[in-house]
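J.: Based on what follows, work out the 3D shape:
(2 chains)
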Amino acid sequence: MTSPPTAADDDLVIEAVDVGMTFGTVRALDSVSLAVPRGSVLALLGHNGAGKTTLVGVLTTALAPTTGRASVAGFDVRRRPAEVRRRIGLTGQYATVDGRLSGRDNLLLLAGLLGAGRRAARTRADELLDLFDLGHVADRPARGYSGGLRRRLDLAASLVGRPEVVFLDEPTTGLDPVSRLGLWEIVEGLVAGGTTVLLTTQYLDEADRLADAITVLSGGSVVAHGTPAELKARVGRRTVTVVLDGPAGADSGGDRGSDFDRAADALRRAGLAPVTGREGAALVVPIEATRDIAAVVRALDGVGVEAAELTFGEPGLDDVYLALAHHPDSLHNLDNLDGPEGPKR
Amino acid sequence: MTTTLETGRPPRTPTATAPTWRGSSRLTQIRILTGRSLRALVTDPAVLLFGLLQPVITLVVLSQVFSRMGLPPHFPPDVTYLDFVLPAVLVDNAVQSAVQSGVGLVEDLQNGIVARLRCLPVAPSSLLVARSLTTLVRAAVQAVIILTLGTLVLGYDPRGGAGAVAASIGLTLFMSWALGWLFIAAAAWLRRAEPIQNLAIIAVLPLMFASSAYVPTADLPDWLAAVAHVNPLTYAIDSTRALALGLPGTGTAVPALLLGTAVAAIGAWLAVTGFRRPLTPR
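T.: Prediction:
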C-alpha cells in the first residue's frame, strides 16, 4: 500500500468501495467493491435478487448508496451525479423508450436533452439507426417494434451521447438466440471502440463470451471475482467422458458390465479416478493435464475395450455459478471445491 | 484485487474525457419534453378524438338537458342557462385536463421514459413542468372549442367584452395548471392510473356539483350551499362567470388566484418529493 497509484489504478472507469444499500430492513447490497479498468467489460453474474440491478442503480446515480462510495468516469456518483450522467449510458431490463414516438424521434429527443443542436442530433440519430440496422423501422412508432428491435433501439438510445461507460442490465433477457448474438456483436463493437461496459447477466455463456472479468454477486455480496478462466480454474475440473459401446448386456461373448468393470479397473490402475456418469452408461474421468487423455486411451486399449464416444470437457462457468451463487454464505465453498475430490495442483 | 482499493488514497483528479455534449438548459429540457407529450396527444387518434369530443359533449349535454328544467329563483336576471353554465363547463374542462396531467405522468413512469431520464443530465422537475404545461395547452385548445361551439352554434352571449372573456379564460387555464400539480403529485406518489382516475371520480365530480357550477349556491340545499362556500371551485366558477357575463362578483377572482397559487405550490412540492423516490421495477 506504500506504492504510488499506478497508471492502471488511475484508469479505473468504474470504482465502488464498500457500497452498501438498504431498503427498509432489506439489505440489497453489502459492502460491495469493484474496479473496472477503461475499455474493459465486467460482467456481474447472479440470480434474480442478487443485487445486480441495485448496484447498477447506484452506479448510474438512480439510487444513493446507504454506505460506501462509488465513482464513475472519474466523478463521485453521489456528489457529482450530473457529471456522471453526461458520460454514461444505461440499457435496463425494461425498454426505456417512448413507444408513441418513432425510433428516430426517440433518438432525436435524447440528443436534444443532452444538448445537441438540431443538425448534430439528426446526424447522430442517423448514425445510430444505421449502426443498429434500424433504418427500415426508423419512422414507425416504437411500440410496434419486436422485442429484438426494441432492445436495439434501447441500446442505441443509451449511446446517443457517445458515453464512455455503458451499463447493460440483463441486455439479452427474453431475446431470441439470433437477436442475442446480434447484441453480443454490438457490445463487442463498442468495446473495440474503447467503451467501458458493465453488464449484468444470469447467463454464463454471455459472461464468458463478453467479459474480461466476472464478479459473482449473491445475496448482495461479492462471492467471487476473477477472469472467466480464473473462475473456471478455481471451481471446475476438466474431464474425459468415456461412453461404452452398445446397450447394457446386449453384446455377444460377455455382458457389458464386465466391459465396464474392466475399463474402470484399467483406468484406476493408470492412477485415474473414474466415476460413473450418464446413468451408468459412461465413465467420467477427472484429469489434471492433457497427457491424462492419452492415459485414458492407453488404459482402454490395454484391456481391449472400444469406446463408443470419447469427449473432453472443459469446466464451465456453470460450475462457478452453481457452486457460488446459490448460497449467500458460500464464500468458503471455493476452498471446499478444491478439497479432497478436487484436482491436486 | 478489490482489497487494494480500500486504503485511503487521495481523491483523484477526474481524468474523464469531455462528454460529447454538455447537457441542455432547463428551458430546453422543458421545451423538448413538453413537445414530446403534446405530440403524443396529437399523434394518437383515439386520444385526439376523445380530447376534442369531451368538451363538446359536456357542453351540449349540460346546456341542453339542464336548460329544460326551468330556472331556479336565485338565477341571475337576463341570463340564459347556456350563458350561466358555459363558464362552469370551462372550469370543469380545466379540472378534467388537470386529471389528465396526472394520468400522463403515470404513463411516463410506466413506459420507461422516466427511467431513461434518470440517468441523463436532465432535471427531474423538467418532466413535471413539461407535464403541467401540456395540461395547459390541452386545456387552452379545449377552451377554444367550447367558446367557438358555444358562441357560433349554441348562442352563448358573453357580455363582459373581449378583454373580460380573455381574462376569464386565463383564469380557468390558471386553475387547470394549478390543479394539475395536485394530480401530478398524486401520480408521482401513487404511480398507477386507477387510483388517480378514482380520485377524479370521487373527489372532483362531487366538488363540481357542490359548487356554483350548475345552480346558484343560494338555490342549493343549506348544507350543500355551505360546502359550496368553502369549495375552491366555486370561486373559480364565480369569477370566470362574472368576468365573461359582465356580472358583479369579479372580486372572487382574488381568492381564486390565491387558492390556485397555494394549490400549485403545495402540489409542486409534493410532486417533486414523490417523484424523487426510486423507481421500483415493474
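
J.: Would you confirm that residue B:245 contacts residue B:156?
T.: No: the pair residue B:245 / residue B:156 is not scored as a contact, 9.8 Å apart, by Cβ atoms under 8 Å. No exception for glycine: its C-beta is placed from N, CA and C like everyone else's.

J.: Now do the shared contacts for the two.
T.: Residues touching both residue B:245 and residue B:156 by Cβ atoms under 8 Å, 6 or more residues apart in numbering or on different chains: residue B:83.

J.: where are the low-confidence patches of chain A?
T.: Across chain A, the stretches falling below the confidence threshold (pLDDT under 70) are A:1-10, A:235-236, A:245-257, A:316-345.

J.: pull the longest helix from it.
T.: In chain A, assigned by DSSP state H, the helix with the most residues is helix A:177-192.

J.: ok, stretch A:173-185 near chain B or not?
T.: No: Stretch A:173-185 lies apart from chain B when judged by Cβ under 8 Å from any Cβ of the partner chain; the minimum separation is 12.1 Å.

J.: So which residues of the chain form helices?
T.: You didn't say which chain, so I picked chain A. For chain A, the helices defined by DSSP H cover A:7-10, A:52-59, A:81-85, A:103-114, A:118-131, A:147-158, A:177-192, A:204-210, A:228-235, A:256-269, A:291-302, A:317-324, A:333-337.

J.: that's the wrong chain, I meant chain B
T.: Going by DSSP H, chain B shows helices at B:26-43, B:45-66, B:81-111, B:113-118, B:124-148, B:162-190, B:193-199, B:205-209, B:222-230, B:232-245, B:253-276.

J.: Any idea how many residues pack against residue 153?
T.: Unless you meant another one, I'm taking chain A. 27 (other Cβ atoms under 10 Å in any protein chain shown).

J.: Correction: the question concerned chain B.
T.: 11.

J.: Residue nearest the middle of the chain, spatially speaking?
T.: You didn't say which chain, so I picked chain A. When Cα atoms, centre = their mean is applied to chain A, the residue found nearest the centroid is residue A:207 (1.9 Å).

J.: Can you look at chain B instead?
T.: Compute the mean C-alpha point of chain B, and by Cα atoms, centre = their mean the closest residue is residue B:98, 2.4 Å away.

J.: returning to what we had before: so the residue nearest to the centre of chain A touches residue A:41, yeah?
T.: No: using Cβ under 8 Å, residue A:207 makes no contact with residue A:41, being 9.1 Å away.

J.: joint contacts of these two?
T.: Common contacts of residue A:207 and residue A:41 (Cβ under 8 Å, 6+ apart): residue A:199.

J.: Now residue 161, what are its backbone angles?
T.: By default, I'm working from chain A. Phi and psi for residue A:161, reported as degrees, to the nearest 10, are phi -90, psi 20.

J.: ah, I was thinking of chain B
T.: The phi/psi pair for residue B:161 (degrees, to the nearest 10) is phi 100, psi 160.

J.: Assess the claim that it and residue B:243 are in contact.
T.: No: in this structure residue B:161 lies outside contact range of residue B:243 using Cβ under 8 Å: 9.3 Å.

J.: So between these two, which is more surrounded?
T.: Higher neighbour count among residue B:161 and residue B:243: residue B:243, with 27 against 12, using other Cβ under 10 Å.

J.: Might you report the residue contacts of the more buried one?
T.: Counting by Cβ under 8 Å, 6+ apart, residue B:243 makes contact with B:160, B:164-165, B:167-168, B:171, B:250, B:253.

J.: Going through those, which ones are buried?
T.: Neighbour counting with 16 or more other Cβ atoms under 10 Å in any protein chain shown marks B:160, B:164-165, B:167-168, B:171, B:250, B:253 as buried within the contacts of residue B:243.

J.: Nearest to chain A among the residues you listed?
T.: Nearest to chain A among the buried ones among the contacts of residue B:243: residue B:171, at 31.9 Å, using Cβ to the nearest Cβ.

J.: how much space between the closest one and residue B:158?
T.: From residue B:171 across to residue B:158, the span is 13 Å (Cβ to Cβ, to the nearest Å).

J.: what is the closest residue in space to residue A:139 that isn't next to it in sequence paired to in the beta sheet?
T.: Distance criterion Cβ to Cβ, 6 or more residues apart in numbering or on different chains; nearest residue to residue A:139, sequence neighbours excluded, is residue A:102 at 4.9 Å. For residue A:102, the beta-bridge partners are residue A:141 (DSSP bridges).

J.: what sits against residue A:102?
T.: Residues near residue A:102 by Cβ under 8 Å, 6+ apart: A:138-142.

J.: right, and the helices of chain A - which one's nearest residue B:61?
T.: The closest of the helices of chain A to residue B:61 is helix A:103-114. By Cβ to Cβ, the value is 37.4 Å.

J.: correct me, but residue A:53 touches residue A:173?
T.: No: applying Cβ under 8 Å as the test, residue A:53 and residue A:173 come out as separate, 11.2 Å apart.

J.: Any stretches of chain B with poor pLDDT?
T.: Using pLDDT under 70, the flagged stretches of chain B are B:1-18, B:280-282.

J.: so what's residue B:239 up against?
T.: B:168, B:171, B:249-253, B:256.

J.: which of the residues you listed sit farthest apart?
T.: B:168 and B:251 (13.8 Å).

J.: For residue B:67, which non-adjacent residue is spatially closest?
T.: Using Cβ to Cβ, 6+ apart and skipping residues adjacent in sequence, the residue nearest residue B:67 is residue B:81, 3.8 Å away.

J.: same thing with residue A:180?
T.: Residue nearest to residue A:180 in three dimensions, not counting chain neighbours: residue A:172, with 4.5 Å by Cβ to Cβ, 6+ apart.

J.: contacting residues around that neighbour?
T.: Contacts for residue A:172 (Cβ under 8 Å, 6+ apart) come out as A:151, A:179-180, A:183-184, A:201, A:203, A:206.

J.: State the number of residues packed around residue A:258.
T.: Residue A:258 is flanked by 12 other residues according to other Cβ under 10 Å.

J.: do residue A:228 as well
T.: Residue A:228: 20 surrounding residues under other Cβ under 10 Å.

J.: Ok, residue A:276 next?
T.: Counted with other Cβ under 10 Å, residue A:276 comes out at 12.

J.: Roughly how far does it sit from residue A:267?
T.: According to Cβ to Cβ, residue A:276 and residue A:267 sit 12 Å apart.

J.: Residue A:48 contacts residue A:202, correct?
T.: Yes: taking contacts as Cβ under 8 Å, residue A:48 lies within contact range of residue A:202: 7.4 Å.

J.: More neighbours: which of these two?
T.: residue A:202 (17 against 8).

J.: For that one, give its distance to chain B.
T.: Going from residue A:202 to chain B by Cβ to the nearest Cβ, to the nearest Å gives 15 Å.

J.: Isn't that residue up against residue A:43?
T.: No: using Cβ under 8 Å, residue A:202 is not in contact with residue A:43; the gap is 10.5 Å.

J.: looking at it, residue A:112 is touching residue B:25, isn't it?
T.: No: with contact defined as Cβ under 8 Å, residue A:112 does not reach residue B:25; the gap is 11.2 Å.

J.: Any buried residues in stretch A:226-239, and which?
T.: The neighbour-count check on stretch A:226-239 (16+ other Cβ under 10 Å) flags A:226, A:228, A:231-239 as buried.

J.: thinking again about what came up before, name the residues contacting each of residue A:276 and residue A:267.
T.: residue A:283.

J.: Which single residue of the stretch 151-300 of chain A ends up nearest chain B?
T.: Chain B sits closest to residue A:162 of the stretch 151-300 of chain A, with a gap of 4.5 Å, by Cβ to the nearest Cβ.

J.: Tell me who's in contact with that residue.
T.: B:19-20.

J.: For residue A:110, see how far away it is.
T.: Noted for residue A:162: a distance of 12 Å to residue A:110, by Cβ to Cβ.

J.: what do you get for residue B:200?
T.: 32 Å.
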